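Colleague: build me a model from this:
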Amino acid sequence: LQSEALAALTASFLSELEEMDMPIFRYIVKVFISQSGIERDFTDPDMLSVFSTARKVRGEKHRVLQFMRFQKAADGTYFGIMEPLYNVMPLTVAHFADRFADQKFILYDKRRGFGYYYDGVRPVEITMPENLNHISTGKLDPDIMDSDERLFQQMWKTYFKAIAIKERMNPRKQRQDMPVRFWKYLVEK
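Modeller: Predicted coordinates for the structure are as follows:
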């Protein structure tokens with residue numbers, strides 16, 4: 001399989017959509033029995049279904065990369081939580097590990113109940129009890145939050161409010177560019 005076809009297959013699998021089971025299966029069969037590169041034949045409904053679903057999953061991955069906000073805990077670990085539509089955390093953890101290579105962090109998918117802990121060397125899959133306050137609310141409790149984190153969050157809110165031009169507010173455009181489902185995890189909202 002070409003790397004693009006394999007990436008599309010992986011992403012469409014991570015969509016976790018039940019209606020994708022048979023198109024993914026037929027996609028794999030067709031690719032393996034084909035003499036040539038059928039995986040780019042978008043006239044085939046299975047190829048089109050896999051690639052269009054993969055595009056949606058990659059779009060969700062991009063939104064997670066855009067809107068993930070980390071909070072610093074007292075022990076120096078950064079905590080980020082979100083509820084993506086698709087299972088995209090496995091696709092994002094390498095980006096965050098590369099970007100924050102010298103920092104420990106937890107990247108958590110609340111919807112699926114798992115995440116990754118990065119210790120500065122490699123990410124490890126973890127689960128956390130749902131009854132923890134920071135899992136249910138998405139916000140670290142003040143008693144486990146770094147003392148500077150509260151200050152940074154307040155400064156970020158002040159900055160966000162200061163740059164907003166009330167006359168140019170466009171809530172519809174804001175919801176289009178920044179889906180409401182992410183707002184509860186954004187400090188600035």
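
Colleague: helices of the protein, start to end?
Modeller: 3-14, 21-33, 45-67, 89-99, 133-137, 147-163, 171-177 (DSSP state H).

Colleague: mean pLDDT lowest where, among those helices?
Modeller: Mean pLDDT per stretch puts helix 171-177 lowest among the helices of the chain, at a mean of 85.

Colleague: tell me what it is packed against?
Modeller: Helices and strands touching helix 171-177, by 3 or more Cβ pairs under 8 Å, 6 or more residues apart in numbering; DSSP states H and E: there are none. Heads up, the C-betas are built off the backbone N, CA and C, glycines and all.

Colleague: closest one to residue 122 among the helices of the chain?
Modeller: Nearest of these to residue 122, taken as Cβ to Cβ: helix 89-99 at 7.7 Å.

Colleague: list the helices and strands the closest one packs on?
Modeller: Packing contacts for helix 89-99, counted by 3+ Cβ pairs under 8 Å, 6+ apart, involve helix 3-14, helix 45-67, strand 105-109, strand 114-118, strand 123-126.

Colleague: of the ones you listed, which is nearest residue 173?
Modeller: Residue 173 sits nearest to helix 45-67 of all the helices and strands packed on helix 89-99, at 15.6 Å, using Cβ to Cβ.

Colleague: let's see the closest one as PDB, backbone CA atoms only.
Modeller: Provided in PDB are the C-alpha atoms of helix 45-67 (Å, rounded to 0.1, in the frame of the first residue of the first chain):
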ATOM      1  CA  PRO A  45     -17.800   4.200  -3.800                       C
ATOM      2  CA  ASP A  46     -15.600   2.400  -1.300                       C
ATOM      3  CA  MET A  47     -12.500   4.400  -2.200                       C
ATOM      4  CA  LEU A  48     -14.400   7.600  -2.100                       C
ATOM      5  CA  SER A  49     -16.000   6.700   1.300                       C
ATOM      6  CA  VAL A  50     -12.700   5.900   2.900                       C
ATOM      7  CA  PHE A  51     -10.900   9.000   1.600                       C
ATOM      8  CA  SER A  52     -13.800  11.400   2.400                       C
ATOM      9  CA  THR A  53     -14.100   9.900   5.900                       C
ATOM     10  CA  ALA A  54     -10.300  10.200   6.300                       C
ATOM     11  CA  ARG A  55     -10.600  13.900   5.300                       C
ATOM     12  CA  LYS A  56     -13.100  14.500   8.100                       C
ATOM     13  CA  VAL A  57     -10.900  12.700  10.600                       C
ATOM     14  CA  ARG A  58      -7.900  14.800   9.600                       C
ATOM     15  CA  GLY A  59     -10.000  17.900   9.900                       C
ATOM     16  CA  GLU A  60     -10.900  17.000  13.400                       C
ATOM     17  CA  LYS A  61      -7.200  16.300  14.200                       C
ATOM     18  CA  HIS A  62      -6.400  19.800  12.900                       C
ATOM     19  CA  ARG A  63      -9.100  21.300  15.200                       C
ATOM     20  CA  VAL A  64      -7.600  19.500  18.200                       C
ATOM     21  CA  LEU A  65      -4.200  20.800  17.300                       C
ATOM     22  CA  GLN A  66      -5.700  24.300  17.000                       C
ATOM     23  CA  PHE A  67      -7.900  24.400  20.100                       C
END
